[in-house]
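S.K.: Have a look at this fold, sequence not included:
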């Protein structure tokens, strides 16, 4: 079971890394597009769109965070 746990942790780390890389690439693309685009989109609209994309990327990480917090609570490091 310990080996399976390590494999699962390693896979989750890889997934998180890929998500962060993809998010970073999209942020860079948005910055480049923002500098080159003549559209008159308001800053508030750009922020809303960026926040929506960020939430879509973070959503898969919720399960991992929930599990990790559960571990810390079980170990007594974080109060319930």
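M.R.: In hand now; what should we look at? Note that the coordinates shown come from a computational prediction; the quantities given were computed from them, not determined experimentally.

S.K.: And the next helix or strand past the helix of greatest length in the chain?
M.R.: The single longest helix within the chain, with elements called by DSSP state H, is helix 2-36. Following helix 2-36 in sequence order, the next helix or strand is helix 43-58 (DSSP states H and E).

S.K.: Contacts for that following helix, please.
M.R.: Residues from elsewhere that reach helix 43-58, judged by CB atoms under 8 Å, 6 or more residues apart in numbering: 19, 22-23, 26-27, 30, 34. (Each C-beta comes from the backbone N, C-alpha and C, glycine too.)

S.K.: want to throw those residues into JSON lines with neighbour count, pLDDT and distance to residue 11?
M.R.: What follows is these, written out as JSON lines (neighbours: other CB atoms under 10 Å; pLDDT from 0 to 100; distance: CB to CB, whole Å):
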{"residue": "19", "neighbour count": "16", "pLDDT": "81", "distance to residue 11": "13"}
{"residue": "22", "neighbour count": "11", "pLDDT": "83", "distance to residue 11": "17"}
{"residue": "23", "neighbour count": "15", "pLDDT": "77", "distance to residue 11": "19"}
{"residue": "26", "neighbour count": "14", "pLDDT": "78", "distance to residue 11": "23"}
{"residue": "27", "neighbour count": "13", "pLDDT": "74", "distance to residue 11": "25"}
{"residue": "30", "neighbour count": "15", "pLDDT": "72", "distance to residue 11": "29"}
{"residue": "34", "neighbour count": "12", "pLDDT": "61", "distance to residue 11": "34"}
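
S.K.: Pick out whichever of these sits closest to residue 69.
M.R.: Nearest to residue 69, judged by CB to CB, of those is residue 19 at 18.7 Å.

S.K.: want to try TSV for the contacts of helix 43-58, with distance to residue 45 as columns?
M.R.: Listed next are the contacts of helix 43-58 as TSV, based on distance: CB to CB, whole Å:
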residue	distance to residue 45
19	24
22	22
23	20
26	17
27	17
30	13
34	12
